[in-house]
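Chemist: Sharing a model that was predicted from the sequence below.
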Amino acid sequence: MAGLVVSGAQVSYIGQDCREIPEHLGRDCGHFAKRLDLSFNLLRSLEGLSAFGSLEELILDNNLLGDDLVLPGLPRLHTLTLNKNQITDLECLLDHLAEVTPALEYLSLLGNVACPNELVSLEKDEEDYKRYRCFVLHKLPNLKFLDARKVTKQEREEALVRGAFMKVVKPKAVLVLERHSPRSSN
C-alpha cells in the first residue's frame, strides 16, 4: 500500500489523491488507529470513517470536504482539523460536531469560508473573526483550542452571554447606508 505510513497507533495516508477513504485502510488500520491523517487528498465524503471507532485525532486538511460532511459517532475524538476545505455553513457543521464528537477540545477550520479571516477573504476583519470564535464556543463550549489559538476565559464568558447572537455577519456599510437613505417623495 504505497503512501500508507503506520507508526504505533498513528496512521497517515497523505497526498494520495483519493476521493474516498480506501476500504483497505479501515479494514487494516481502523481497529487500532488513534490518530488518522488524511490531508492533501481529494476527499468529498468521509464514508468509511466508521471503521475508525477509537480515533482521538483526525486531520483532514486540504481536501474537498463541504457542507455535506458527515462524521460517524467518534466518542473519543478530541482533535479535529478541517483546514482548507470547502465548508461554508458553520452552524450546520457545529451542530453536527456537537452531536457526534462529545470529547472535542481542539478544532481548526482555517481556510474555509465558514471561518472568516484574511486567509479566506480580504473583506473579513478581526471583528468578524472574534464573532466567529464566540459563536463556535457557544456551540462547542468544551473547546480548549480553536484554530491553533487557546480559548481564553474571557472568550468563554462572552460565548455564554452573547454567543447565540454572534451568528449574524455584520452588514456591509453600503447596505446600511442604503437602508437609511431618505426616499424621494415624487
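Modeler: Nice, thanks for sending it over.

Chemist: sec struct for V6, please.
Modeler: Per DSSP: H, G, I helix; E, B strand; the rest coil, the secondary structure class of V6 is strand.

Chemist: chain center to the longest helix seen in the chain: distance?
Modeler: Scanning the chain for the longest helix, with DSSP state H as the assignment, gives helix 126-139. On the basis of C-alpha atoms, centre = their mean, to the nearest Å, helix 126-139 is displaced by 13 Å from the centre of the chain it belongs to.

Chemist: Pull out the buried residues from that helix.
Modeler: By neighbour count with 16 or more other C-beta atoms under 10 Å, helix 126-139 contains the buried residues 128-129, 131-139. C-beta here means a position set from N, CA and C on the backbone, and glycine is covered the same way.

Chemist: Quick one: list the elements packing against that helix.
Modeler: Contacts of helix 126-139 with other secondary structure elements, assessed using 3 or more C-beta pairs under 8 Å, 6 or more residues apart in numbering; DSSP states H and E, are made with helix 90-100, strand 145-146, helix 153-162.

Chemist: The second one: partners in the sheet, and parallel or antiparallel?
Modeler: Sheet pairing of strand 145-146 (DSSP bridges) gives strand 106-108 (parallel), strand 149-150 (antiparallel).

Chemist: Give me the residues contacting the last one.
Modeler: Yep, that's strand 149-150 we're talking about. In this structure, residues lying in contact with strand 149-150 by C-beta atoms under 8 Å, 6 or more residues apart in numbering are K144.
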